[in-house]
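**Q** have a look; sequence and predicted model below, questions after that.
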Amino acid sequence: MSLADLLSADQIIPEMQATERWPAIVELIDLLVSLGQIKSADRDSILAALKQREETMSTGIGFGIAIPHCSSDRLDQVVAAFGRSTKGIEFDALDNAPVKFVVLFIVPKNQFQTHLRTLASIAKFLNDRSVRDQLAAANSKEEILSIFQDRSQKP
């Protein structure tokens, strides 16, 4: 599952306010709640699952990328949000560098293969330096979305 499949322009924050890991995760979750993708009653349990995952090991994978993720029995389809920070977010990343791109996604419980495929697809996509350069230069959430769409159509 590619980011182009998971995101609309509304699910993209072109300039995140958060400067640290937890506020960044909350900022993206609150966006999904405001869009009705996550029920407000489920917000805290999903945040707790994300926190538990982050405490195991930071999802800041290096190269300015973080992919916070978890599974939840409160959802019946994958939901995602993307945030960009030109200032950088302290995310306790593996390379200790600030994070510029945060892709948060939540997968329904018991969809382990979907979870792994989604994570692998996002990591591979953002591992491409030219993609990160394009995302950094984009001027709007629509432009960010079009980068995801253009890249997902290439073989």
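**A** Sure, I can see it.
**Q** rest of the way, CA atoms for contacts and neighbours
**A** Will do.
**Q** pLDDT score assigned to Arg151?
**A** Note on Arg151: pLDDT of 71.
**Q** in which helix or strand would I find it?
**A** Using DSSP states H and E, Arg151 sits in helix 141-152.
**Q** and that helix, how far out from the chain middle?
**A** Distance of helix 141-152 from its chain centroid, counting by CA atoms, centre = their mean, to the nearest Å, is 14 Å.
**Q** swap in stretch 103-112?
**A** Distance of stretch 103-112 from the chain centroid (CA atoms, centre = their mean) equals 11 Å.
**Q** buried residues, it. List them.
**A** Val103, Leu104, Phe105, Ile106, Val107, Pro108, Lys109 (16 or more other CA atoms under 10 Å).
**Q** does the third one sit in a helix, a strand or a coil?
**A** Read it as Phe105. Following DSSP: H, G, I helix; E, B strand; the rest coil, the label given to Phe105 is strand.
**Q** just checking, it touches Val78?
**A** Yes. Using CA atoms under 8 Å, Phe105 is in contact with Val78, at 7.0 Å.
**Q** one step back: now, which of the buried residues of stretch 103-112 sits nearest Trp22?
**A** Among these, Leu104 lies closest to Trp22 (CA to CA), at 12.0 Å.
**Q** which parts of the chain are helices?
**A** Secondary structure of the chain, counting by DSSP state H: helices at 3-6, 21-34, 43-56, 112-126, 129-137, 141-152.
**Q** JSON lines for the ones you listed, including distance to Phe63?
**A** Putting these into JSON lines (distance: least, CA to CA, whole Å) gives the following:
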{"stretch": "helix 3-6", "distance to Phe63": "18"}
{"stretch": "helix 21-34", "distance to Phe63": "16"}
{"stretch": "helix 43-56", "distance to Phe63": "18"}
{"stretch": "helix 112-126", "distance to Phe63": "9"}
{"stretch": "helix 129-137", "distance to Phe63": "9"}
{"stretch": "helix 141-152", "distance to Phe63": "18"}
